[in-house]
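Chemist: Dropping the sequence and predicted coords here.
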Amino acid sequence: MAMKFEKKTEGLFMLDVTGYVCPHPQIYTKKALEKMKTGDIVELVFDNPSSSESIAAMCEAQGNEIVEKNMANGKYVWKIKKTADVAALAR
Amino acid sequence: MNEATMREAKNQRWALGIVGFLILVSILSFAVHEYYIYISAYLWFGFIYGMCLQYGRFCFASAFRDLFAVGVPRMVVGIMIATILFSFVSAFVTATGMSTFHAAPTSIAATIAGLVFGVGMVFAGGCASGSLYKTGEGNGVSLLVVLSISITQATFVDIGGWFNRLVPQSWHESALAKKLPAAINAGDGWVDQYLAGYIWNQPIVKFSEMLGLKDASFAGAFLGDFLVGVVLPAAVLLVVVYLFWVRKNHLNKLAKAGKSATFAEELLGWWGMIASSKRTALAGLFLGIACGLQMLVIEGLRIKFGVRNAGTLLSRLGHDFGLSVSGTVFDPGYWYVTTQEAQWVGWVFNKLGWDNMDNIYFGLNNGIPNPAINPADWMSLALIGGAAVMALLSNEFKFKKPTKELAVWAIVGGALMGIGSRLGLGCNVGAFFARVALGDASGWLFGIGMIGGAYIGVKFFNWWTERQMAKEMAAFDL
């Protein structure tokens, strides 16, 4: 399945990288966050366990907030709120 | 019982089944002959490696790749912790004369090999060991990577014909001058002439010997190979990573909290980087200790059975097929990944009629024993099993079929890793991790190449993913 990045409603996006291995989920997440506005939320769907560690570390380092974490049957559904300013991300 | 609970119970039964199978293999093989305990030793260390790798999401590919791609240093930290601990335990083992390690010739070839390998591991989505443990998570892409590495190596080491034209005359002459046994045709095949005509002419450089110390001594092992060869470069590397990737975010956080950047705060920031991923750090800790202990256990078994190589044990057990001309098989005595992958495909090729025992890699050095009795193959199989057990117990196991896009990256990346590992005489584990930990300068040269390769791979994927995102975003405004 190809990657999907959709706008669900104003300020809410969905990034589905199910089936992708490293480094795709973390790179797509970074790019999605860079394109979103501060305060926007992305619902991230992935199933590559090692990406979970990298994405969590990336959000922590950049100051973005993971507001919800769910995992069932090897599938992760995380909600990440962009709280970092654009300048901090555009490195 | 709801569906989730039932699935958990099923996962636990599978995990128990895998452990039970490996225990059964150990017990039954021991019942046949005590020599098989040698294979079991490899098997159980492999199992431990698999558990550690899966628990810590420990993939060497992600070290500089994730640093360059998303600014995450967790894996650089994890690898440095593992390397320091492996090196510390190994220093004891080396100083007491129990080391099974042989340093590799040092040359620019190690860096070129690392570069090829580094690009490959980013393309493939995992290094050689990372692909093994991810196979244990049920990942079809990683299985494809393992197959690609294995087939590429087994082919690459025996390829001659037109490729002989790419061999410099000086390599050809030097290879022939080595006067290898008649069964080995060192003048034919690109890899043979690369090995015997170039690599073997390069010096072996260990940090202990650079300082004028004997490596099998406490001063050499601890001061030379451990302190100067590992701790100091690792400390410098971690400071560089902090300064260039972590410090900016740390200073931003300090500024938001109204604190000034004192030296103590800088140290706290550096420590925060080290402790940012406990899983990775913990996995690094256990991996490092287990890697050192494996050398001790294998050397102990060699002394017990009065052998220097598993080939002698296989021969005593009547398994003569696939032994090298000197009666040996690949038996590193420590963690290794790629050679046993080449061996099993080499064995299959041989059974299909390919005469591949006239080259140096299989015929002179490593052999192609039946995979069912190859100690190193059992280490890799058990690694997959250990990772599967951890993934099942944490409900992270999931069969994943590769998509066409990922299958292409897996095959290309695996092939590059296969070629890189044969040029570098090992992969991220054998050519980098083990060599660095044991004070072999060629390990750092391979590592520098891997960093360069990771940078190139990330540049490519940045371009590729940007293209994919642009297609998706054409449907809405942002």
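Modeler: On my side now, so go ahead.
Chemist: CA atoms for contacts and neighbours, from now on please.
Modeler: Fine.
Chemist: Check the offset of the longest helix seen in chain B from the chain's centre.
Modeler: If each helix of chain B is counted by residues according to DSSP state H, the longest one is helix B:441-473. A distance of 19 Å separates the centroid of the chain from that of helix B:441-473, by C-alpha atoms, centre = their mean, to the nearest Å.
Chemist: Ok, stretch B:359-372 next?
Modeler: Distance, centroid of stretch B:359-372 to centroid of chain: 19 Å (C-alpha atoms, centre = their mean).
Chemist: So the most centrally placed residue in chain A, which state does it fall into?
Modeler: The centroid of chain A falls nearest to A:T29 when counting by C-alpha atoms, centre = their mean (3.9 Å). Counting by DSSP: H, G, I helix; E, B strand; the rest coil, the backbone at A:T29 sits in helix.
Chemist: burial count for residue 41?
Modeler: If you meant another chain, say so; for now it's chain A. Residues lying near A:I41 (other C-alpha atoms under 10 Å in any protein chain shown) number 22.
Chemist: wrong chain, I was asking about chain B
Modeler: 20.
Chemist: Tell me the residues on the stretch 1-150 of chain B that lie near chain A, please.
Modeler: Residues of the stretch 1-150 of chain B that fall close to chain A, judged by C-alpha under 8 Å from any C-alpha of the partner chain: B:4, B:57-58, B:62, B:65-66, B:69-72, B:74, B:122, B:125-126, B:141.
Chemist: And the residue of the stretch 251-400 of chain B that's closest to chain A?
Modeler: Nearest residue of the stretch 251-400 of chain B to chain A: B:E396, at 4.4 Å (C-alpha to the nearest C-alpha).
Chemist: For that residue, give me its contacts.
Modeler: Residues in contact with B:E396 (C-alpha atoms under 8 Å, 6 or more residues apart in numbering or on different chains) are A:P49, A:N73, A:G74, A:K75, B:E137.
Chemist: For B:V429, see how far away it is.
Modeler: Per C-alpha to C-alpha, to the nearest Å, B:E396 is found 25 Å from B:V429.
Chemist: Please, where are all the strands along chain A?
Modeler: Using DSSP state E, the strands found in chain A span residues A:4-9, A:12-16, A:41-46, A:65-72, A:75-81.
Chemist: Chain A contacts on the stretch 151-300 of chain B?
Modeler: Checking the stretch 151-300 of chain B against chain A by C-alpha under 8 Å from any C-alpha, the hits are B:V246, B:N249, B:S276, B:S277.
Chemist: Look up the closest residue to B:C291, ignoring the ones flanking it.
Modeler: Nearest residue to B:C291, sequence neighbours excluded (C-alpha to C-alpha, 6 or more residues apart in numbering or on different chains): B:F86, at 5.9 Å.
Chemist: That neighbour contacts B:F286, correct?
Modeler: No: look at B:F86 against B:F286 with C-alpha atoms under 8 Å: they stay out of range, at 9.1 Å.
Chemist: remind me which residues of chain A are low pLDDT?
Modeler: A:85-91 (pLDDT under 70).
Chemist: need the residues of it near chain B, please.
Modeler: Residues of chain A lying near chain B (C-alpha under 8 Å from any C-alpha): A:1-7, A:19-24, A:26-28, A:30-31, A:35-36, A:49-50, A:53-54, A:57-58, A:61-62, A:72-75, A:88.
Chemist: May I see the PyMOL selection of the buried members of these?
Modeler: A single PyMOL command selects the buried members of these (16 or more other C-alpha atoms under 10 Å in any protein chain shown):
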select buried, chain A and resi 3+4+5+6+7+19+20+21+22+23+24+26+27+28+30+31+36+49+50+53+54+57+58+61+62+74+75
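Chemist: Quick one: residues contacting B:A310.
Modeler: B:Y38, B:T328, B:V329, B:F330, B:D331, B:P375.
Chemist: biggest separation within those, which pair?
Modeler: Put simply, by C-alpha to C-alpha the two of these set farthest apart are B:Y38 and B:T328, 14.6 Å from each other.
Chemist: And these two? Which one has more around it.
Modeler: For B:Y38 and B:T328, the more surrounded residue by other C-alpha under 10 Å is B:T328, and the numbers stand at 24 against 19.
Chemist: quick one, phi/psi of the more buried one?
Modeler: The phi/psi pair for B:T328 (degrees, to the nearest 10) reads phi -100, psi 160.
Chemist: host element of the closest residue to it other than its chain neighbours?
Modeler: Setting aside the residues directly before and after it, B:T328 is nearest to B:G311 in space (C-alpha to C-alpha, 6+ apart), at 4.2 Å. B:G311 is part of helix B:310-316, with elements assigned from DSSP states H and E.
Chemist: Check the contact between B:T280 and B:C59; I expect there is one.
Modeler: No: under the criterion of C-alpha under 8 Å, B:T280 is not in contact with B:C59, lying 9.6 Å apart.
Chemist: between these two, what contacts are shared?
Modeler: B:M75.
Chemist: Could you tell me which residues make contact with the closest residue to chain A within the stretch 101-250 of chain B?
Modeler: Closest contact between the stretch 101-250 of chain B and chain A, by C-alpha to the nearest C-alpha, is at B:G125 (4.7 Å). Neighbouring residues of B:G125 by C-alpha under 8 Å, 6+ apart: A:V21, A:C22, A:P23, B:A61, B:S131, B:S142, B:W409, B:A410, B:G413.
Chemist: And the furthest pair within those residues?
Modeler: Within these, B:A61 and B:W409 form the most distant pair, 14.2 Å apart (C-alpha to C-alpha).
Chemist: Of B:F86 and B:F286, which one has the most company?
Modeler: With neighbours defined as other C-alpha under 10 Å, B:F86 and B:F286 compare such that B:F86 has more, 28 against 19.
Chemist: Okay, that one and chain A: tell me how far apart.
Modeler: Applying C-alpha to the nearest C-alpha, to the nearest Å, the value for B:F86 to chain A is 23 Å.
Chemist: in what helix or strand does that residue lie?
Modeler: Per DSSP H and E: helix B:74-95 holds B:F86.
Chemist: Using CSV, write out the CA atom coordinates for that helix.
Modeler: The C-alpha trace of helix B:74-95 is given here as CSV (Å, rounded to 0.1, in the frame of the first residue of the first chain):
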residue,chain,number,x,y,z
ARG,B,74,19.4,7.5,20.0
MET,B,75,21.1,4.8,17.9
VAL,B,76,24.5,6.5,17.8
VAL,B,77,24.3,6.5,21.5
GLY,B,78,23.1,2.9,21.7
ILE,B,79,25.9,1.7,19.4
MET,B,80,28.6,3.6,21.3
ILE,B,81,27.3,2.2,24.6
ALA,B,82,27.3,-1.4,23.2
THR,B,83,30.8,-0.9,21.6
ILE,B,84,32.3,0.4,24.8
LEU,B,85,30.9,-2.5,26.9
PHE,B,86,31.8,-5.1,24.2
SER,B,87,35.3,-3.6,24.2
PHE,B,88,35.6,-3.6,28.0
VAL,B,89,34.6,-7.3,28.3
SER,B,90,36.7,-8.1,25.3
ALA,B,91,39.8,-6.4,26.9
PHE,B,92,39.5,-8.9,29.7
VAL,B,93,39.2,-11.8,27.3
THR,B,94,42.1,-10.6,25.1
ALA,B,95,44.4,-9.8,28.1
